[in-house]
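> Sequence and computational prediction follow.
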Amino acid sequence: MRYTQSVRGHGYTFEGLVDLLAKASPARSGDVLAGCGAASAVERAAARWALADVPLTTFLSEPVVPPEDDDVTRLIWDRQDSTAFAPLAHLTVGGLREWLLSTAVLPDAAHVLAAVAPGLTPEMVAAVSKLMGNKDLVSVAAATSVVTSFRSTIGLPGRMATRLQPNHPADDPRAIATTVLDGLLLGSGDAVIGINPASDDPATVATLLHLLDEIRQRYEIPTQSCVLTHVTTTIDLIERGHPVDLPFQSIAGTQRANEAFGVTLSMLAEADQAARSLERGTVGQNVMYFETGQGAALSSDTHRGTDGRPVDQQTLEARAYAVARAFDPLLVNTVVGFIGPEYLFDGKQITRAGLEDHFCGKLLGVPMGVDVCYTNHAEADQNDMDDLLILLTAAGCSFVIAVPGADDVMLGYQSTSFHDALDARRLLGKRPAPEFEAWLERMELLGPDGRLRAIDPGASALGRLREIAP
Amino acid sequence: MSDRTTETFWSALRAETPARVGLHRVGDGVGTRHVLEAAEAHAFARDAVHGHLDVPALAAELDSLGLGPALHVPSKALDRATYLTRPDLGRMPGELPPLRADRADLCVVLADGLSAEAVHRHAVPVLRELLPLLDAGTTVAPPVVATQARVALGDHVGAVLRAALVLVLVGERPGLSSSDSLGAYLTWAPAPGVQDSARNCVSNIRPPHGLDHASAARTLARLIGGARRLGATGVRLKDTGELTAPPEPR
């Protein structure tokens, strides 16, 4: 269907929903690279007017990516719950924005928003985000509640967890153990202790899995570990009896993009079942860990939809969350600024994308965290990360990534630090996951005022943690 | 507990990892020294990304290798801002100078990529170590210096030269602790549209912290020999421990 909009006497035409969504999207370099972004600021304004009038039911009949070519669209449409959708079925995209903002201030907002989540498709959620300001995205996300658990509980109100990310360029176990120690002493690691290995060699991955598992068991830490390698490698390691808590996989919003990552939906289901069968969780059995990021599909030239048109990167990103939610994951995070300036040019675009991703994930019912990050060829610096971290903490972000001094020495990019997470928690009154908080108290790391104490690491029981490394 | 006790504990561990562990904590922030160190490292990385390749100086250095006069090929990305946002343009040559299709066994392209500094520091020294290691009789085309260029630009150059192999030495994306890291990409039967999986890569050439010039050259010589015997590069070529997945910039 063709959409038209007149702005101050000048007419604009949009060739279908894919074109309309792309032109209504806030400016970003990836949509320019794909050739689908608005050609001018006024064309973008016109597209937003037109998008505001689109009934939500349109998204159930006009596919952004044709279902006959794409199992992600089929998954979205098969799982869409019409009963949950009923209270919203009469709304337009513009009407949904107002409904969300009205709902967000209600005392039972979290319950109401969770109830409609199974009725929402990622395209509806992406569409409404394009009409929302950054503060809208923060406000509505803060009103949602998505709670998951394994050995710790993620996403409870008033809590923000961290992934302790102890990467090392040579996967050196002692150096990794040193970073784990640093992070634990700074109260980090309640979402997961998760390593991106430099090598994808299964023997290396197994060594790191055992290292993290032994550290966790020695100190009885109520958290989970993960070595982020391809899901097929993890399935093999589970079959060989290695201690896998969470299978990890990068996912994206089209079938072809997932194929470019070497995964299918059935592989993800197999990994989920394999890890659940181990029953390693204590307070819950959410086991999957997914990472996403705007631009992933474009980077593998798998971003086209209806009529072969390029789909904007934010809409495709929201579709990745529909893939994630099908597997009831423990953790999902967008690696928002990692992909580079050809997709998100500067701090402004990274900030906007981080807030969009978090909002869309949460509204769809996904336990959403964010890797607040940038690369050195993006027009961004640590101040942009400070801003986004504070915004996301206020938005109720489930977890953020924490690395020593914000510097990931393996992946060569900057994220947020252990100290940054402490500061953001204190500023906005957030606490660690409850099981992990109790552990910090047992280890005498947490003072009676809830502040993390500075202790002598050499005199602490944790001081000998590195002896576990081979 | 004193700051000095904590500092003594961490200073021993810091020797074992490049990670910024055990930073001096002030409130829920870090000490001034760390903030300035991190900002300084970012400044080096930023300047490396935005630095220009000094083409005449590099061409003069290349002259000493005896491969013939170097040619300059700018990409279709006319400036750094375009280069950063349009990877497609950085993969294509702008105007090609007159290149002779002399069907050499190997052609070499030096591309600024994301760090001109890396190319200035390491590209010619790697070639100086590499050339004597090539099998006797290996023919090498006059070198090409490519600016605002990504790895795939070498495919176009190699195709015009009808070279059997193209070796692209390119400045890698600067990290906070490495603004001068060079990558080397080897591609058999270069032609526009080659997949990245059909290349072999030696990355992190950056003495004294990364791979040294002589070691990189030995690995490349083994790969070049292997590629010529196999008639291919990419996942099928695995005769060395130095193969890695191609990182940015592609």
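Perfect, I can see it now. Residues are numbered from 1 along each chain as shown, chains lettered A, B, ... in the order given.
> Now chain A against chain B: closest residue?
Closest to chain B within chain A is residue A:405: 2.9 Å, counting by Cβ to the nearest Cβ. For the C-beta atoms, the positions are set from N, CA and C on the backbone; glycine is no exception.
> Per-residue pLDDT of that residue, please?
pLDDT, the model's per-residue confidence, is 97 for residue A:405.
> what about it, neighbour count?
Using other Cβ atoms under 10 Å in any protein chain shown, residue A:405 has 24 neighbouring residues.
> what's the answer for residue A:184, then?
For residue A:184, using other Cβ under 10 Å, the count is 27.
> helix, strand or coil for it?
Using DSSP: H, G, I helix; E, B strand; the rest coil, the structure places residue A:184 in helix.
> I'd assumed residue A:221 was in contact with it.
Yes: under the criterion of Cβ atoms under 8 Å, residue A:184 makes contact with residue A:221 at 7.4 Å.
> Need the overlap of contacts for those two.
Shared contacts of residue A:184 and residue A:221 (Cβ atoms under 8 Å, 6 or more residues apart in numbering or on different chains): none.
> list the contacts for the residue of chain A closest to chain B?
Neighbours of residue A:405 in contact, by Cβ under 8 Å, 6+ apart: A:417, B:19-21, B:23, B:30, B:34, B:38.
> quick one: which of these is most hemmed in?
Going by other Cβ under 10 Å, residue A:417 tops the contacts of residue A:405 with 29 neighbours.
> for that one, which residues make a bridge with it?
residue A:403 (DSSP bridges).
> And residue A:133, how far from residue A:48?
12 Å (Cβ to Cβ, to the nearest Å).
> Check residue 105 and give its pLDDT.
No chain was given, so I picked chain A. Reported pLDDT for residue A:105: 98.
> Correction: the question concerned chain B.
97.
> Look at the residue sitting nearest the centre point of chain A and give its secondary structure.
In chain A, the C-alpha nearest the mean C-alpha coordinate belongs to residue A:333, at 2.1 Å (Cα atoms, centre = their mean). Secondary structure, three-state DSSP: residue A:333 is strand.
> For the nearest residue to it once chain neighbours are set aside, give me the pLDDT.
Distance criterion Cβ to Cβ, 6 or more residues apart in numbering or on different chains; nearest residue to residue A:333, sequence neighbours excluded, is residue A:369 at 3.9 Å. Looking at residue A:369, its pLDDT reads 98.
> my guess is the residue nearest to the centre of chain A meets residue A:293, correct?
No: the pair residue A:333 / residue A:293 is not scored as a contact, 9.1 Å apart, by Cβ under 8 Å.
> quick one, helices of chain B?
For chain B, the helices defined by DSSP state H cover B:3-14, B:32-50, B:55-63, B:80-85, B:87-90, B:116-130, B:153-161, B:213-230.
> related to what we said a few turns ago, just confirm the residue of chain A closest to chain B is within a strand.
No: if the criterion is three-state DSSP, then residue A:405 is helix and not within a strand.
> residues in contact with the residue nearest to it when sequence neighbours are not counted?
Using Cβ to Cβ, 6+ apart and skipping residues adjacent in sequence, the residue nearest residue A:405 is residue B:20, 2.9 Å away. Residues near residue B:20 by Cβ under 8 Å, 6+ apart: A:404-407, A:409, B:34, B:38.
> can we see that at 10 Å?
Residue B:20 is in contact with A:179, A:182, A:403-407, A:409, A:417, B:14, B:30, B:34, B:37-38, B:41, B:176-177, counting by Cβ atoms under 10 Å, 6 or more residues apart in numbering or on different chains.
> Residue A:219 and residue A:315, how far apart?
44 Å.
> For these two, indicate the residue with more neighbours.
residue A:315 (29 against 15).
> care to break chain B down by domain?
B:3-49, B:53-230 (automatic domain parsing).
> In TSV, list those domains along with distance to residue A:86.
As requested, those are exported to TSV (distance: least, Cβ to Cβ, whole Å):
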stretch	distance to residue A:86
domain B:3-49	46
domain B:53-230	44
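> Out of these, which gets nearest to residue A:357?
Evaluated with Cβ to Cβ, the domains of chain B place domain B:53-230 nearest to residue A:357, the distance being 20.6 Å.
> Nice, that's everything, thank you.
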